[in-house]
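>>> model the following, please.
(one chain, ligands or ions: 2)
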Amino acid sequence: MDAFVEKPKRREAEQQSDIVRPDRQKAEEAVRTLIAYAGDDPNREGLLDTPKRVVDSYEEFFSGYHESAHDVLSRTFDEVGGYDDIVMLRDIEVNSHCEHHMIPFIGKAHVAYFPTDRVVGISKLARVVDVFAHRLQTQETMTAQITETIDDVLKPKGVAVMIEAVHQCMSLRGVKKPDVATITTQFTGIFKEDPAQQARFMTLVSSGK
Ligand SMILES: Nc1nc2c(ncn2[C@@H]2O[C@H](COP(=O)(O)OP(=O)(O)OP(=O)(O)O)[C@@H](O)[C@H]2O)c(=O)[nH]1
Ligand SMILES: [Zn+2]
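Ligands and ions are numbered 1, 2, ... in the order given. Next up, the predicted model:
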């Protein structure tokens, strides 16, 4: 796999560049406000470093706003020894935050594509999942974004994505139904048009259960 193509860099259309990011001090002040709102004293010793830790955590949870999934897929390989079938990554861990409550939803993504004449490094498919998961999300939007990006950059014969996740906004608060799996799927190309290929994807997903 030594032949590769670097595609020109571009950012996803959904990323908004006109957002003014507050500085770190403002973000930490907001956390102090929330601590006080919760009913505790942000100046007591055990909580003094908490705003810094929360903002550090935000840098990790929401790192996807500073990354481009298109760029992640920019390097492809065309030496595949005549391979002409589905490439699938099953059980990619997903940790995201729902945009309604900013509470985690956690689960697995299954990502497949049917290459035309070139493939991408398999780790890059998991990286694409991470880029979108590390933003405020709905599961449906994330599923569509992963699918669309792979379809757009690799131009394969088809893309299939399934996400299964548990939303803590449903388990820990509100309706309080733990262990409900929310399942979303999105198909393009042959996975959408050919029921046999869609069935193969579903079989490969369930073969890991
Ligand atoms: N479609 C979709 N809904 C989600 C997702 N994550 C959370 N939600 C839902 O977003 C909805 C927000 O509903 P609202 O009525 O505005 O908020 P709420 O009063 O906190 O709702 P409850 O969670 O029912 O208490 C809830 O039904 C959540 O279950 C997601 O990824 N996709
Ligand atoms: Zn939620």
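
>>> for the most centrally placed residue in the chain, which residues are in contact?
Residue closest to the mean C-alpha point of the chain, counted by C-alpha atoms, centre = their mean, is residue 133 at 2.9 Å. By C-beta atoms under 8 Å, 6 or more residues apart in numbering, residue 133 lies in contact with 64, 94-96, 142. No exception for glycine: its C-beta is placed from N, CA and C like everyone else's.

>>> may I see the ChimeraX selection of the buried members of the residues you listed?
To isolate the buried ones among these in ChimeraX, judged by 16 or more other C-beta atoms under 10 Å, type:
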select :64,94,96,142
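
>>> so the residue nearest to residue 24 when sequence neighbours are not counted, which of the three states?
Using C-beta to C-beta, 6 or more residues apart in numbering and skipping residues adjacent in sequence, the residue nearest residue 24 is residue 55, 6.1 Å away. Counting by DSSP: H, G, I helix; E, B strand; the rest coil, the backbone at residue 55 sits in helix.

>>> and what of residue 18?
Under three-state DSSP, the three-state class of residue 18 is coil.

>>> let's see the pLDDT reported for it.
The model reports residue 18 with a pLDDT of 78.

>>> do the same with residue 185
The model reports residue 185 with a pLDDT of 98.

>>> and residue 12, by the same measure?
At residue 12, the model reports a pLDDT of 55.

>>> kindly report the same for residue 82.
Residue 82 is assigned a pLDDT of 85 by the prediction.
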